[in-house]
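K.L.:
Give me the fold of what follows.
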Amino acid sequence: MGVEKMDCTNWDEDSYRDGILQERETLSRTVFRTAFAPNPNPNPNSDHIVTASSDGSIASYSISACLEMGCGNARRQNWLMAEPQFLIQGHDGPAYDVKFYDDSLLLSCGDDGRIRGWKWNELLGSEVPMEGAKMKPILDLVNPQHKGPWGALSPIPENNSIAVDSQSGSIYAAAGDSCAYCWDMEKCEVKTVFKGHSNYIHCIVSCKLSNQIITGSEDGTARIWDCKSGKCIQVIDPGKDDKKLSFPSAVSSIALDSSESWLVCGKGQSLSVWNLPARECVSMTKTSASVQDVIFDNNQILAVGAEPLLTRLNMNGDILSQIQCAPQSAFSLSLHPSGVTAVSGYGALVDIISQFGSHSCTFRCRGL
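P.N.:
All right, here's what the predicted structure looks like:
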């Protein structure tokens, strides 16, 4: 049997290297957050899903278009690269979070310490180049810098997460300087600074019914704050009595239920559920990997982390089901009103899982 000869006369070493680098960059890119776009149609297949990625990009993908191109059939890591509806450079450095404000404004935050906003309808109707563009935002907020000796200024602290309260016209930011900031949307200025954590803040949620916010920090605690006074009214320390913890873990994720009476905290390899009116922990569950995002689904909890699993638990911490998901390390959970869940994370992967636990489609996001 003869050996096939290769013609190397037209070999392009630079193109080969660029292709290898591009492939490695794609596989190491991470989608840190997803959000389902507002849509009056209850069918999740007609929806857009917005992504915030480690290359600073903000993009939107049509789920129906992904299904048409065959993303629902790919398996065994042969994930197809989806074509975005738009792809813009949202931040200089990683983009960590995306949220919708009043259904009309898309907000994002990132490592550059900025909160930026774009009109959602304009983004969908724009002709943005596929390689990405710096589309000018209509909102651009920058975290304040701290003054040091001789007038020196600290670096601009990053924003790791944002929460919105359109009723009060506020955006809340979890920053890297151990502070949380409340921004006035109308005046585009900071109106409250929440100080008390001893390390940077990972996550933040808004309690609209009580005019409070809750933050989770690298210092291992979650704190409840009064938005009017800016003061901390309760410190929650999940696992403080657990003698098996060899080193303190960060509170990396928190979530509120719709009644705002129940809080779930992800701290290291544990999940704790708290009754807020009673100010007590009702369950503590050990997990096989570090928890990186949690959400409530009615009276149940969904969790993802540093393993390719979507875990569903009840309020007592009992595991009800575990579904294999595409990202080897998952950073984000998003829940559609229909019950469809989006899991995203390492490898620039987004896995759309139906309310019945089946994989509707899985796709890889395009980078800048």
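
K.L.:
what about the helices in this protein?
P.N.:
All helices of the chain, identified by DSSP state H, fall at 13-28, 63-68, 120-125.

K.L.:
among those helices, which gets the worst mean confidence?
P.N.:
The stretch with the lowest mean pLDDT among those is helix 13-28, at a mean of 68.

K.L.:
what's the closest non-adjacent residue to Gln269?
P.N.:
Of all residues not flanking Gln269 in the chain, Thr287 sits nearest, at 4.9 Å (Cβ to Cβ, 6 or more residues apart in numbering). Quick note: C-beta positions are derived from backbone N, CA and C, even for glycine.

K.L.:
tally of neighbours for that neighbour?
P.N.:
Counted with other Cβ atoms under 10 Å, residues neighbouring Thr287 total 21.

K.L.:
Now do the contacts for it.
P.N.:
Residues in contact with Thr287, defined by Cβ atoms under 8 Å, 6 or more residues apart in numbering, are 269-271, 303, 305, 311.

K.L.:
What's the PyMOL syntax to select whichever of the residues you listed are buried?
P.N.:
Those of the contacts of Thr287 that count as buried under 16 or more other Cβ atoms under 10 Å are selected in PyMOL with:
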select buried, resi 269+270+271+303+305+311
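
K.L.:
Adding pLDDT and distance to Trp150 as columns, could you present the contacts of Thr287 in a markdown table?
P.N.:
As requested, the contacts of Thr287 are exported to a markdown table (pLDDT from 0 to 100; distance: Cβ to Cβ, whole Å):
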| residue | pLDDT | distance to Trp150 |
| --- | --- | --- |
| Gln269 | 94 | 45 |
| Ser270 | 94 | 45 |
| Leu271 | 95 | 47 |
| Ala303 | 97 | 47 |
| Gly305 | 96 | 44 |
| Thr311 | 97 | 52 |
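
K.L.:
Just send the contacts of Thr287 back as JSON lines, with distance to Ser253 too.
P.N.:
JSON lines is the format used below for the contacts of Thr287 (distance: Cβ to Cβ, whole Å):
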{"residue": "Gln269", "distance to Ser253": "13"}
{"residue": "Ser270", "distance to Ser253": "11"}
{"residue": "Leu271", "distance to Ser253": "9"}
{"residue": "Ala303", "distance to Ser253": "8"}
{"residue": "Gly305", "distance to Ser253": "9"}
{"residue": "Thr311", "distance to Ser253": "13"}
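
K.L.:
Could you measure from Val160 over to Cys365?
P.N.:
For the record, residue 160 is Asn, not Val. Separation of Asn160 from Cys365 (Cβ to Cβ, to the nearest Å): 20 Å.

K.L.:
what's the answer for Ser229, then?
P.N.:
Distance from Ser229 to Cys365, by Cβ to Cβ: 41 Å.

K.L.:
Between these two, point out the one with more neighbours.
P.N.:
Set Ser229 next to Cys365 and count neighbours by other Cβ under 10 Å: Cys365 wins out with 26 against 10.

K.L.:
my read: that one touches Val50, true?
P.N.:
No - if you go by Cβ atoms under 8 Å, Cys365 and Val50 don't touch, sitting 10.7 Å apart.

K.L.:
where does the stretch 151-300 of the chain have low pLDDT?
P.N.:
Scanning the stretch 151-300 of the chain with the threshold set as pLDDT under 70 gives 241-248.

K.L.:
Strands of that one, residue ranges please.
P.N.:
In the stretch 151-300 of the chain, the strands defined using DSSP state E, counting those that start in this stretch lie at 159-165, 170-175, 179-184, 189-195, 201-207, 212-217, 222-226, 232-236, 251-256, 262-267, 270-275, 280-286, 291-297, 300-305.

K.L.:
Is it possible to get JSON lines of those strands that adds distance to Asn316?
P.N.:
Shown next, in JSON lines, are the strands of the stretch 151-300 of the chain (distance: least, Cβ to Cβ, whole Å):
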{"stretch": "strand 159-165", "distance to Asn316": "27"}
{"stretch": "strand 170-175", "distance to Asn316": "29"}
{"stretch": "strand 179-184", "distance to Asn316": "31"}
{"stretch": "strand 189-195", "distance to Asn316": "32"}
{"stretch": "strand 201-207", "distance to Asn316": "22"}
{"stretch": "strand 212-217", "distance to Asn316": "22"}
{"stretch": "strand 222-226", "distance to Asn316": "20"}
{"stretch": "strand 232-236", "distance to Asn316": "19"}
{"stretch": "strand 251-256", "distance to Asn316": "17"}
{"stretch": "strand 262-267", "distance to Asn316": "12"}
{"stretch": "strand 270-275", "distance to Asn316": "8"}
{"stretch": "strand 280-286", "distance to Asn316": "5"}
{"stretch": "strand 291-297", "distance to Asn316": "14"}
{"stretch": "strand 300-305", "distance to Asn316": "10"}
